[in-house]
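J.: got a predicted structure here, sequence first:
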Amino acid sequence: MGMREAVEELAEEAEWQIRERTWVPSANDRTVAASAAADLRAAVGTPQSQRELPAVTRLGHLREALAAAAIALARVHGPMAWFLGAAATALTPVLRWRAVPAPHGHTFGAVPPFLRQYAEAEEAVRRLQDTLTRLATA
């Protein structure tokens, strides 16, 4: 399962739990969700704006998005922490990617992703951002 599919499943589960009222986000959950959504929006722009960027910048933005999810995770407990932890886990493949050449071949296992993988990861971040925006007003 790819990042986009993993985040989609998490988003659907979170939306279902909120709709069914098995998870009622606290005021802190909503505050953290709003802040994280804004951070994700700032990290990963529109599909067109991202496509125009060099790979190294796109990768940097994706790592910023992962960091934003991790920072938000540190500020919550319970269902919100479980949701953000799973979302951060879904985005971890970006940690193994590299966007610069390795002239001597030593990369600590980092691999260059395909362009479609950048787009998939960016779509996953946007879906996560949409869900967090909805959580902020739940």
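T.: Now that the structure is in, tell me what you want to look at. Quick caveat, the model's predicted, so the values are computed rather than measured.
J.: buried stuff in the helix or strand harbouring Gln117?
T.: Assigned by DSSP states H and E, Gln117 belongs to helix 115-136. In terms of neighbour count (16 or more other C-beta atoms under 10 Å), helix 115-136 has its buried residues at 117-136. Using the backbone N, CA and C atoms, a C-beta is placed for each residue, glycine as well.
J.: and the spatially most central residue of the chain, what is it in contact with?
T.: By C-alpha atoms, centre = their mean, the chain has its centre lying nearest to Val125, at 3.9 Å. By C-beta atoms under 8 Å, 6 or more residues apart in numbering, the contact set of Val125 is 7, 40, 43-44, 62, 65, 91.
J.: how many residues are close by the closest residue to Asp130 other than its chain neighbours?
T.: Nearest non-adjacent residue to Asp130, counting by C-beta to C-beta, 6 or more residues apart in numbering: Ala11, 7.4 Å away. Ala11 has 20 neighbouring residues, counting by other C-beta atoms under 10 Å.
J.: report pLDDT for Ala11.
T.: The model reports Ala11 with a pLDDT of 97.
J.: assumed it was part of a strand.
T.: No: Ala11 sits outside any strand when classified using DSSP: H, G, I helix; E, B strand; the rest coil, being helix.
J.: quick one: it from Thr133, how far?
T.: Using C-beta to C-beta, to the nearest Å, Ala11 is found at 11 Å from Thr133.
J.: how about Thr31?
T.: From Thr31 to Thr133 the distance is 13 Å (C-beta to C-beta).
J.: coming back round to it: distance from the chain centre to the helix holding Gln117, please.
T.: Counting by C-alpha atoms, centre = their mean, to the nearest Å, helix 115-136 is centred 6 Å from the centre of its parent chain.
J.: Ala43 against Ile71, yeah?
T.: No: with contact defined as C-beta atoms under 8 Å, Ala43 does not count as touching Ile71 (11.5 Å).
J.: so which of the two has more stuff around it?
T.: Ala43 (20 against 15).
J.: contacts only, for Ala87.
T.: 7, 10, 69, 128.
J.: quick check, nearest of these to Gly78?
T.: Gly78 has its nearest neighbour among these in Leu10, at 15.3 Å by C-beta to C-beta.
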